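Q: Please work out how this folds:
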Amino acid sequence: MQTIKLKYLFTLFVLIALVQLFVPLQMILGQEDILDKGTAYKFKTEPVDPSDPFRGKYITLRYAINSVTTKDSTWLRQDDVYVYVKEDSLGFAEVDQVSKAPLAIDKDYVLAKVNWYNKNTKNLRFNLPFNRFYMEESKAKPAEDAHRKAQRDTLPNNTYALVYIKEGEAVLKDVIINEVSIADYVE
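A: Residues are numbered from 1 along each chain as shown. Have a look, this model is predicted:
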């Protein structure tokens with residue numbers, strides 16, 4: 001009787017351990033799949049540098065494409081918005097169209113949240129989901145300073161985020177300053 005109880009407890013322990021390994025592994029493999037098979041887009045950025053006590057130092061990124069003009073006036077704060085993107089003539093991401101539901105078209109999109117809709121200007125502002133770039137703690141402050149300085153530079157399009165998009169999922173791979181990864185730029 002005692003042996004059977006121990007076998008059940010051991011089996012339960014092994015199952016729980018496997019689930020705890022499977023969940024993070026599944027998340028990692030999903031992100032890697034997006035990086036391998038997704039489409040890369042360059043999003044123009046603006047810097048801010050806060051800290052998260054649980055996840056570490058990061059750069060908060062604001063994007064030049066965070067709004068679009070639309071005649072649909074039924075948007076509410078925190079509504080989901082499907083933001084379809086395409087490349088502009090310089091190779092940067094731009095909004096192609098927005099929708100409240102996925103469209104039956106073969107275009108890259110990300111699911112964002114509505115910030116607000118201005119009925120006078122018909123402007124819809126939204127927050128893109130890839131707005132934090134985590135870094136090694138010792139590099140975060142110099143990276144923020146370098147990013148801010150590059151933003152003030154007179155060169156157009158010298159800072160951007162490299163984001164991979166696949167089937168509505170997005171992974172922020174890197175922040176680039178003057179065609180150099182921000183991690184290398186601050187060294």
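Q: Give the other helices and strands that whichever helix in the chain runs longest contacts.
A: The helix that spans the most residues within the chain, counting by DSSP state H, is helix 2-37. Helices and strands touching helix 2-37, by 3 or more C-beta pairs under 8 Å, 6 or more residues apart in numbering; DSSP states H and E, are strand 159-166, strand 169-177. To be clear about C-beta, it is placed using only N, CA and C from the backbone, and glycine gets the same treatment.
Q: between these, which one is nearest to Leu76?
A: strand 169-177 (22.9 Å; C-beta to C-beta).
Q: Quickly note the distance from Gly30 to Lys37.
A: Between Gly30 and Lys37 the distance is 11 Å, computed by C-beta to C-beta, to the nearest Å.
Q: Tell me the confidence at the residue most central in space within the chain?
A: Geometric centre of the chain, nearest residue: Phe130, 1.7 Å, by C-alpha atoms, centre = their mean. pLDDT for Phe130: 91.
Q: returning to what we had before: would you convert the helices and strands packed on helix 2-37 into a markdown table that also reports mean neighbour count, mean pLDDT and distance to Asn118?
A: Converted to a markdown table, the helices and strands packed on helix 2-37 look like this (neighbours: other C-beta atoms under 10 Å; pLDDT from 0 to 100; distance: least, C-beta to C-beta, whole Å):
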| stretch | mean neighbour count | mean pLDDT | distance to Asn118 |
| --- | --- | --- | --- |
| strand 159-166 | 21 | 92 | 26 |
| strand 169-177 | 19 | 91 | 26 |
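Q: Which of those sits closest to Arg62?
A: Once these are compared by C-beta to C-beta, strand 159-166 is nearest, at 10.2 Å.
Q: So what's the gap between the closest one and the chain middle?
A: Offset of strand 159-166 from its chain centre (C-alpha atoms, centre = their mean, to the nearest Å): 8 Å.
Q: for the chain, where's the lowest mean pLDDT among helices and strands?
A: Every helix and strand in the chain was compared by mean pLDDT, DSSP states H and E; the lowest is strand 51-52, with a mean of 56.
Q: need the next SSE after that strand, C-terminal direction.
A: Sequence order places strand 56-63 as the next helix or strand after strand 51-52, per DSSP states H and E.
Q: mean confidence for that following strand?
A: Strand 56-63 comes out at a mean pLDDT of 77.
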